[in-house]
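Peer 1: just to be clear, the model below is a prediction. Sequence and coordinates:
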Amino acid sequence: MGMILPDGLVNHQSKKMSIHESGAPATLRFTLITVSDTRTKATDKSGACMARLVQRSGHTIASQCIIPDEPDIIRETIHAQSGNTDVICVSGGTGISHRDQTFEAIHPLLDKRLPGFGELFRLLSWDQVGSRAMLSRAIAGTCAGLIIFVVPGSPKAVELAMEKLILPEARHLVAELHKDSP
């Protein structure tokens, strides 16, 4: 386990690198995308939470943006990150309302899906929201040499996903993704 920071978060960079992480850079580049038709930089608590946690874990933010819940814009934004980042974290648009289209936009882009991420996220969410956890369509996978995570837009959901799943495994996932690359 990593070093515990003053605010109770775990700095995963301080732990000794496992064999699984040895192929990954010490510092990963994250792209943070908030999908929302209503949030602004001033009101984007989820985006701010993602940024704070990424930086506290010793990684860097390659880019951060807020985009509308429009499938074409979501896909264009994902494709534009190729070569600029290691990990893309998307928050918002994962519900079941008519405007929630993030899942539909990103799911077909994934070369390989990581169903365990969504399953674990919903399991952990159970403790926070009970049976409402089934409404989450959190997903993860790879796309064009990148790791992509998609989580609900609430700050608590973002914090849960980042602290318990994404940040502890990001280096391992990046190392695995590039392990046998030419």
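Peer 2: Arrived safely, thanks for sending.
Peer 1: residue boundaries of the helices in the chain?
Peer 2: Taking DSSP state H as the test, the helices found in the chain are 45-56, 71-79, 102-106, 115-129, 155-161, 167-178.
Peer 1: can you list contacts of the second one?
Peer 2: Outside of helix 71-79, the residues that reach it under the criterion Cβ atoms under 8 Å, 6 or more residues apart in numbering are 33, 35, 65, 67, 88, 90, 93, 101-102, 104-106, 109, 143-144, 148. Just so you know, the C-beta spots here come from the backbone N, C-alpha and C atoms, and that holds for glycine as well.
Peer 1: next: the longest one.
Peer 2: Outside helix 115-129, the residues within contact range by Cβ under 8 Å, 6+ apart are 132-134, 136-140, 149, 151, 156-157, 160-161, 164-165.
Peer 1: list the buried residues in it.
Peer 2: Neighbour counts over helix 115-129 (16 or more other Cβ atoms under 10 Å) mark Phe117, Gly118, Leu120, Phe121, Arg122, Leu124, Ser125, Val129 as buried.
Peer 1: which pair of those spans the longest distance?
Peer 2: Phe117 and Val129 (17.5 Å; Cβ to Cβ).
Peer 1: so which residue is smack in the middle of the chain?
Peer 2: Most central in the chain under Cα atoms, centre = their mean is Cys89, positioned 3.0 Å from the mean C-alpha point.
Peer 1: my guess is that residue contacts Ile33, does it?
Peer 2: Yes - using Cβ atoms under 8 Å, Cys89 is in contact with Ile33, at 7.1 Å.
Peer 1: just the ones in strands from the contacts of helix 115-129, please.
Peer 2: Of the contacts of helix 115-129, the ones assigned to strands by DSSP state E are Ile139, Ala140, Phe149, Val151.
Peer 1: let me see the contact set for the first one.
Peer 2: Meaning Ile139. Ile139 is in contact with Thr94, Phe103, Ile106, His107, Leu110, Arg113, Leu114, Phe117, Gly118, Phe149, Val150, counting by Cβ under 8 Å, 6+ apart.
Peer 1: who wins on neighbours among those?
Peer 2: Highest neighbour count within the contacts of Ile139, by other Cβ atoms under 10 Å: Val150, with 30 neighbours.
Peer 1: picking up where we left off before, show me how to select, in PyMOL, the buried members of the contacts of helix 71-79.
Peer 2: Only the buried entries of these go into this PyMOL selection, using 16+ other Cβ under 10 Å:
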select buried, resi 33+35+67+88+90+93+101+102+105+106+109+143+148
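Peer 1: what's the burial count for Ser91?
Peer 2: Ser91 has 31 nearby residues by other Cβ under 10 Å.
Peer 1: er, Lys112 actually
Peer 2: Residues near Lys112, counting by other Cβ under 10 Å: 10.
Peer 1: what pLDDT does it get?
Peer 2: As predicted, Lys112 sits at a pLDDT of 97.
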